[in-house]
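# Fold the following.
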Amino acid sequence: MPLVRSNSLLDVDFTLRRQFNKESFRPVQREIILAALEGNDVFVQAATSFGKSLCFQLPAVIDRGITIVISPLLSLMMNQVEALRAANVDARTLNSNTPMAERDYIYQDLATGHPLTRLLYVTPELCSGEHFRKRLKLVHEQQELARIAVDEAHCISEWGHDFRKDFKRLSWFRETFPDVPIMCLTATANELVRQDVLSTLGLGQLNRGGGGGGSRLKTFTTTAHRPNLHLEVRFTSDEANDRYDDFVTWLQNVYARRAVDERRAELEAAGDRVDNVPGIIYTISRDECESLAAALRNDGIGARPFHAKLSREAKEETLARWIAGNPGYAIIVATTAFGMGIDKDNVRFVVHWRLPKSFEGYYQEAGRAGRDGNASYCFLYYSREDRDRVCNLVTRDAGGKDGSGAPISANGRARLQSLNKLVAYCENTSSCRHAAVCAYFGETQVPECDYACDWHKDPHDLKRRMTKGLASEEWVSTQREEGRYDEYYWSE
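Numbering: from 1, shown residues only. Next up, the predicted model:
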């Protein structure tokens, strides 16, 4: 039996101000929220700066019942739950780190059939368990299951860059609760992935739940174009080993411009510092994360490491100080696990120290810069040696080098294709970077770049830098044959 929905559609603006302390919606957010409140299935694809989480959080506050939010990352869940509780919203999470007392409370709350919890964040693995499913069936019988929200929905598709098998099993929700609306959200999905997600979850099925006539799916897709981001590829090689000096020189030039008398006076009047230029550097391993942060600190630059092996207390302190802009915490040097759901909109630069494993990963991480709409910089240090290392890693993960002779999976092929597209993006010297990003995600309209990429800024210099900076294919081939890559590893 479907939940009796709220008629308070006009409450969205009031709730935005009262509960979330925001004065206005970003473009399309209000339309998405109204579509959800009307009981539709909703598919949202929007850039990392869009504010997708509000699209299911605000309806959960207005509607009766509980919203189940499925997310792949524990850190993302914890960050959102803490922010919601600070806004006086009863939000909780069930995962492997949930204390037993909290776990017991949540299950007892669900067992009543009328839970007080408005948003419950869970992992896809938990959703496969019979104990959790039994509790949800009881909630549904009492007409208190408001909606299912699937964050990072591209994980559902075998054609996506981050496929998780447990996400595929989420089809159980539509099969078991055909009348409960589902919202899917992602920043990184091409057309093939989008259609796979819709098909797997049964979004837009005709006459869902037996009511009405026709599809109940509302799709919202915003452009992948981020005009305030300057996209640039910086070419290097193992032989040159010049990443560090190049980056420090760039950052010191930024500091020098901020130290000019007039600019310094503006910063001081605003209570800011010359060296407060928040940024993220993505590395490939915990060891490089630690060593790079230490080297920057030795040169007087406030940098801190962030990776999975640090204690929870150390990570929480580093994150809090970085978000607050404390001295000595301007830059986070992190592995790829960092950044999901982090609420810091004034990140002025994102640097990829090594080549990411997918185009989607690059776009999502670079998109953490400039969420306030102000100009920000995204550098990717690219070498052909890194290209081969990443290709070896992705191929091995895809089953292509395990010695079994088994064919590469559909997901493995998709990941290799994504990496190949990223390599082509890096070595492209004949067109706009922003246009390449939009084309990858299926957009046909070429965006206005306004000199916000290295090709538009100086196409001749781009070709010169690539020719000068990259090691030759012959030299890279020699390194590969001599086994120089064997000890290279990746870790979060």
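
# Tell me the buried residues in the strand or helix carrying Val81?
For Val81, the enclosing helix or strand under DSSP states H and E is helix 74-86. In terms of neighbour count (16 or more other C-beta atoms under 10 Å), helix 74-86 has its buried residues at Leu74, Ser75, Leu76, Met77, Met78, Asn79, Gln80, Val81, Ala83, Leu84. Where C-beta positions appear, they are placed from N, C-alpha and C, glycine not excepted.

# Stretch 415-434 now?
Neighbour-count burial for stretch 415-434 flags 415-416, 418-419, 421-423, 425-426, 428-429, 432-434 (criterion: 16+ other C-beta under 10 Å).

# mean confidence score for it?
In this model, stretch 415-434 has an average pLDDT of 95.

# Report the backbone C-alpha coordinates of that stretch in PDB.
Presented in PDB, the C-alpha positions along stretch 415-434 are these (Å, rounded to 0.1, in the frame of the first residue of the first chain):
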ATOM      1  CA  ARG A 415      37.100   0.500 -17.200                       C
ATOM      2  CA  LEU A 416      39.800   0.100 -19.900                       C
ATOM      3  CA  GLN A 417      37.700   2.200 -22.300                       C
ATOM      4  CA  SER A 418      37.400   4.900 -19.700                       C
ATOM      5  CA  LEU A 419      41.100   4.900 -19.100                       C
ATOM      6  CA  ASN A 420      41.800   5.000 -22.900                       C
ATOM      7  CA  LYS A 421      39.500   8.100 -23.100                       C
ATOM      8  CA  LEU A 422      41.400   9.800 -20.300                       C
ATOM      9  CA  VAL A 423      44.700   9.100 -22.000                       C
ATOM     10  CA  ALA A 424      43.400  10.500 -25.200                       C
ATOM     11  CA  TYR A 425      42.200  13.600 -23.300                       C
ATOM     12  CA  CYS A 426      45.600  14.100 -21.800                       C
ATOM     13  CA  GLU A 427      47.500  13.800 -25.100                       C
ATOM     14  CA  ASN A 428      45.000  15.900 -27.100                       C
ATOM     15  CA  THR A 429      46.500  19.100 -28.300                       C
ATOM     16  CA  SER A 430      43.900  20.100 -30.900                       C
ATOM     17  CA  SER A 431      40.700  21.000 -29.000                       C
ATOM     18  CA  CYS A 432      39.100  22.400 -25.800                       C
ATOM     19  CA  ARG A 433      39.400  20.400 -22.600                       C
ATOM     20  CA  HIS A 434      35.900  21.400 -21.500                       C
END
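
# Going forward, the N-terminal residue is numbered 7.
Fine by me, first position is 7 from now on; the one you just mentioned is stretch 421-440.

# Could you tell me how far it lies from the centre of the chain?
19 Å (C-alpha atoms, centre = their mean, to the nearest Å).

# For the helix or strand just after the helix holding Val87, what does the pLDDT average out to?
Next in sequence after helix 80-92, counting helices and strands by DSSP H and E, comes strand 97-100. For strand 97-100, the mean pLDDT works out to 96.

# Partner strands of strand 97-100, with direction?
The strands beside strand 97-100 in its sheet (DSSP bridges) come out as strand 125-128 (parallel).

# The helix or strand immediately after the partner strand in the chain - contacts with which helices or strands?
Later in the chain than strand 125-128, the nearest helix or strand by DSSP H and E is helix 130-133. Using 3 or more C-beta pairs under 8 Å, 6 or more residues apart in numbering; DSSP states H and E as the contact test, the elements touching helix 130-133 are helix 171-174.

# Return the set of buried residues in the helix or strand just after the helix it packs on.
Sequence-wise, the next helix or strand downstream of helix 171-174 (DSSP H and E) is helix 177-182. By neighbour count on 16+ other C-beta under 10 Å, the buried set for helix 177-182 is Phe179, Arg180.

# Quick one: list the elements packing against helix 177-182.
Checking 3+ C-beta pairs under 8 Å, 6+ apart, helix 177-182 ends up next to helix 136-147, helix 197-207.

# which one of the ones you listed is the most hemmed in?
Most buried of the helices and strands packed on helix 177-182 by mean neighbour count (mean count of other C-beta atoms under 10 Å) is helix 197-207; its value is a mean of 19.

# who touches that helix?
49, 51, 156, 159-160, 162-166, 174, 176-177, 179-180, 188, 190, 192, 195, 209-210, 223, 448 (C-beta atoms under 8 Å, 6 or more residues apart in numbering).

# Averaged pLDDT, that helix. What do you get?
In this model, helix 197-207 has a mean pLDDT of 88.

# and the next element down the chain from it?
strand 223-227.

# what comes up buried for stretch 231-239?
His231, Arg232, Asn234, Leu235, His236, Leu237, Glu238, Val239.

# one step back: any idea which of the buried residues of helix 80-92 is least confident?
Minimum pLDDT for the buried residues of helix 80-92 is recorded at Ser81 (77).

# burial of Pro465, as a residue count?
Pro465 is flanked by 14 other residues according to other C-beta atoms under 10 Å.

# I'd say it and Thr435 touch.
Yes. Contact criterion C-beta atoms under 8 Å: Pro465 and Thr435 qualify, at 7.0 Å.

# From His440, how far out is Arg263?
Distance of Arg263 to His440, given as C-beta to C-beta, to the nearest Å: 24 Å.

# if we can go back for a sec, so which of the helices and strands packed on helix 177-182 is nearest Val396?
Nearest to Val396 among the helices and strands packed on helix 177-182 is helix 197-207 (20.8 Å), distances taken as C-beta to C-beta.

# hmm, back to that, for the helices and strands packed on helix 177-182, could you give me JSON lines that also reports distance to Asn247?
Shown next, in JSON lines, are the helices and strands packed on helix 177-182 (distance: least, C-beta to C-beta, whole Å):
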{"stretch": "helix 136-147", "distance to Asn247": "51"}
{"stretch": "helix 197-207", "distance to Asn247": "37"}
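
# Go through those and name the closest to Gly379.
Using C-beta to C-beta, these put helix 197-207 closest to Gly379, at 26.6 Å.

# what's the domain layout of this protein?
Following automatic domain parsing, one gets these domains for the chain: 15-227, 235-487.

# Confirm that Val356 sits in a strand.
Yes. Checked against DSSP: H, G, I helix; E, B strand; the rest coil, Val356 lies within a strand.

# List the contacts of the residue nearest to it when sequence neighbours are not counted.
Excluding the flanking residues, the one nearest Val356 by C-beta to C-beta, 6 or more residues apart in numbering is Ala375, at 4.3 Å. Contact analysis of Ala375 by C-beta under 8 Å, 6+ apart lists Leu235, Gly285, Ile286, Val353, Arg354, Phe355, Val356, Ser382, Tyr383, Cys384.

# could you dump those to JSON lines with pLDDT and distance to Ala300?
Output for the contacts of Ala375, formatted as JSON lines (pLDDT from 0 to 100; distance: C-beta to C-beta, whole Å):
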{"residue": "Leu235", "pLDDT": "97", "distance to Ala300": "29"}
{"residue": "Gly285", "pLDDT": "97", "distance to Ala300": "17"}
{"residue": "Ile286", "pLDDT": "97", "distance to Ala300": "17"}
{"residue": "Val353", "pLDDT": "96", "distance to Ala300": "22"}
{"residue": "Arg354", "pLDDT": "97", "distance to Ala300": "22"}
{"residue": "Phe355", "pLDDT": "98", "distance to Ala300": "20"}
{"residue": "Val356", "pLDDT": "98", "distance to Ala300": "20"}
{"residue": "Ser382", "pLDDT": "97", "distance to Ala300": "25"}
{"residue": "Tyr383", "pLDDT": "98", "distance to Ala300": "23"}
{"residue": "Cys384", "pLDDT": "98", "distance to Ala300": "24"}
